[in-house]
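have a look at this prediction, sequence included:
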Amino acid sequence: MNKIDKLIKELCPDGVEFKELGDLADVGTGSSNGNEAIENGKYPLFVRSKLVKSIDTFEFDEEAIVIPGEGGVGEIFHYINGKYALHQRAYRIHFTTSKILAKFAYYYLFANFLPYILKKSVNATVKSIRKPMVEQFQIPLPPLPIQEEIVKILDKFTELEAELEAELEARKKQYEYYRDELLTFGDEVEFKELGEVANYSKNRISAKELNAESYVGVDNLLQNRQGKTISSYVPNKGNLTEYEPDNILIGNIRPYLKKIWHATNHGGTNGDVLVVQINKKENLISRFVYYLLASDNFFSYNMRFAKGGKMPRGDKSAILKFKIPLPPISEQNRIVAILDKFDALVNDISTGLPAELEARRKQYEYYREKLLTFKEKN
């Protein structure tokens, strides 16, 4: 920042000129369709999503910014330098002047194009845009040394974020692998149906006793070891199902059938959530059962018996017939300790990789806003 401040003071102390994109670049669409894409094609095919497809023919060979004309407007941006093909409803912005770096413009658009588009719309979201809307977007023209320095800084932030995202994805796959391995048992252990070792809570609690931290709705049911369940809606009347610490809460209506939470506090929930209580006389650790029910194995089983049309519900009686392994308590503790470490690493929003990634993103957004804010020259 100090270097850029010095450059601004030296090269443009009175501010910078702003120009419309249409005065600086060619703006247009492509002629390709998404169904023309092939696997492992030679060239990228930009469509109307974050996903970049591939194709064996190209339409353009240039440095450009690509944005969708429909869907994800103001949220999806691609930078390309080379041969590519373009969808009929995606726009290319190819600069025809040496006064601006395409990568600098890419970052500026990423930060400022959505607010600009929303001002032109009467709706909260913009479904489509037209060419004049793109051409009329105003962009600053600081001296090239300033643009180059800004691009270097923002490129570095982007690389760090991409590295963290790749590490998080790799850790998630590792976690899933070990979870499946650790929770797979053969004839060496006894199996029982869930209903033999647990039951559904039948206790009721008044909605008046609940607040945002003690009420769990199916929409905010989190697969999160922290058990953070801040809700935007809390009922103010009626009786709900009561849950206690160590109970397991399972979403019981699509699309929440895969959501599960290991309760860490006392509270209440609605009819779309099942509250499972482990029988105290059983040699079972609740956290171990939680991991069994959070697995893909249980989700696949639950989906087989789900009933209903567009919004199927899990079959409560079938869920209680799900087979649960009963290894020794020492083995359950060992498995829980390993999976807790992985769970914290890939899911914990306060200490794990998601927390670090979120911190990087906030840092990036802060510096991006600072770096891309310019005084307009009179």
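Ah, there it is.

just the strands in the stretch 51-200 of the chain please.
Using DSSP state E, counting those that start in this stretch, the strands of the stretch 51-200 of the chain run over 52-55, 60-68, 78-86, 90-95, 138-141, 190-193, 198-200.

so who does Ile55 touch?
By Cβ atoms under 8 Å, 6 or more residues apart in numbering, the residues touching Ile55 are Ser32, Glu36, Ala37, Ile38, Gly41, Lys42, Tyr43, Pro44, Leu45, Ala85. Quick note: C-beta positions are derived from backbone N, CA and C, even for glycine.

kindly recompute the last result at 10 Å.
Taking Cβ atoms under 10 Å, 6 or more residues apart in numbering, we find Ile55 in contact with 32, 34, 36-38, 41-46, 84-85.

now Ile150
4, 7, 101, 103-104, 107-108, 142, 367-368, 370-372.

circling back: to Ile335, which of the strands of the stretch 51-200 of the chain lies closest?
strand 190-193 (15.7 Å; Cβ to Cβ).

quick one: strands adjacent to that closest one?
strand 323-326 (antiparallel) (DSSP bridges).

what lies in contact with the strand it pairs with?
183-186, 188-198, 278, 282-284, 288-289, 292-293, 297-298, 301, 331-332.

and that strand, which residues are buried?
Within strand 323-326, the residues that count as buried by 16 or more other Cβ atoms under 10 Å are Ile324, Pro325, Leu326.

equivalent analysis for stretch 197-209, please.
Val197, Ala198, Ser201, Ile205.

check stretch 68-81 too.
Result for stretch 68-81 [16+ other Cβ under 10 Å]: buried residues Pro68, Gly69, Gly72, Val73, Gly74, Ile76, Phe77, His78, Ile80.

from Arg89, how far off is the third one?
Noted for Gly72: a distance of 11 Å to Arg89, by Cβ to Cβ, to the nearest Å.

for Leu182, what are its contacts?
Contacts of Leu182 (Cβ under 10 Å, 6+ apart): Phe288, Tyr291, Pro327, Glu331, Arg334, Ile335, Val336, Ile338, Leu339, Phe342.

what would the residues you listed look like in a markdown table with pLDDT and secondary structure?
Below are these laid out as a markdown table (pLDDT from 0 to 100; DSSP: H, G, I helix; E, B strand; the rest coil):
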| residue | pLDDT | secondary structure |
| --- | --- | --- |
| Phe288 | 95 | helix |
| Tyr291 | 93 | helix |
| Pro327 | 94 | coil |
| Glu331 | 95 | helix |
| Arg334 | 95 | helix |
| Ile335 | 94 | helix |
| Val336 | 94 | helix |
| Ile338 | 93 | helix |
| Leu339 | 91 | helix |
| Phe342 | 86 | helix |
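
would you mind listing which of the residues you listed are buried?
Phe288, Tyr291, Pro327, Ile335, Val336, Ile338, Leu339, Phe342.

now for those: which two are most distant?
So, the buried ones among the contacts of Leu182 by Cβ to Cβ: farthest apart are Pro327 and Phe342, at 18.6 Å.

quick one on the thing from earlier: for PyMOL, what selects the buried ones among the contacts of strand 323-326?
To isolate the buried subset of the contacts of strand 323-326 in PyMOL, counting by 16+ other Cβ under 10 Å, use the following:
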select buried, resi 183+194+195+197+198+278+284+288+289+292+293+297+298+301+332
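
where does the stretch 151-300 of the chain dip in pLDDT?
By pLDDT under 70, the low-scoring segments of the stretch 151-300 of the chain are 218-233.

can you show me the helices along it?
194-197, 286-293, 296-305 (DSSP state H, counting those that start in this stretch).

please compute how far the second one lies from its chain's middle.
What it means is helix 286-293. With Cα atoms, centre = their mean, to the nearest Å as the basis, helix 286-293 stands 25 Å off its chain's centre.

tell me what angle that helix forms with helix 296-305.
Interaxial angle of helix 286-293 relative to helix 296-305 (axes from the mean of the first three to the mean of the last three Cα atoms, to 10 degrees): 60 degrees.

which of the contacts of Ile55 sit farthest apart?
Gly34 and Lys42 (17.1 Å).

between the two, point out the one with more neighbours.
A count of neighbours by other Cβ atoms under 10 Å puts Gly34 above the other of Gly34 and Lys42, at 16 against 11.

enumerate every residue touching that one.
Leu45, Val47, Arg48, Ser49, Leu51, Lys53, Ile55, His87, Gln88, Arg89, Ala90.

among those, which one sits closest to Glu63?
Ala90 (16.3 Å).

and the closest one, what are its bridge partners?
Here Ala90, judged by DSSP bridges, has bridge partners Pro68.

distance of Ser317 relative to Pro68?
Taken as Cβ to Cβ, the span from Ser317 to Pro68 is 47 Å.

please read the previous query as pertaining to Ala170.
Ala170 is 29 Å from Pro68, by Cβ to Cβ.

same check, this time on Phe322
Applying Cβ to Cβ to Phe322 and Pro68 gives a distance of 43 Å.

quick one on the thing from earlier: between the buried residues of stretch 68-81, which is nearest Arg254?
Gly72 (25.1 Å).

where does that closest one fall, phi/psi-wise?
phi 70, psi 20 (degrees, to the nearest 10).

contact partners for it?
Applying Cβ under 10 Å, 6+ apart to Gly72 gives the contacts Arg48, Ser49, Lys50, Thr125, Val126, Lys127.

what strand or helix carries Ile38?
Assigned by DSSP states H and E, Ile38 belongs to neither a helix nor a strand.

please compute how far stretch 128-141 lies from its chain's middle.
For stretch 128-141 - counting by Cα atoms, centre = their mean - the centre lies 28 Å from the chain centre.

what about it, how long is it end to end?
27 Å (Cα to Cα, to the nearest Å).

need the mean per-residue confidence for it.
Across stretch 128-141, the average pLDDT comes to 93.

check which residues of that stretch are buried.
For stretch 128-141, by 16+ other Cβ under 10 Å, it's Ile129, Met133, Val134, Glu135, Phe137, Ile139, Pro140, Leu141.
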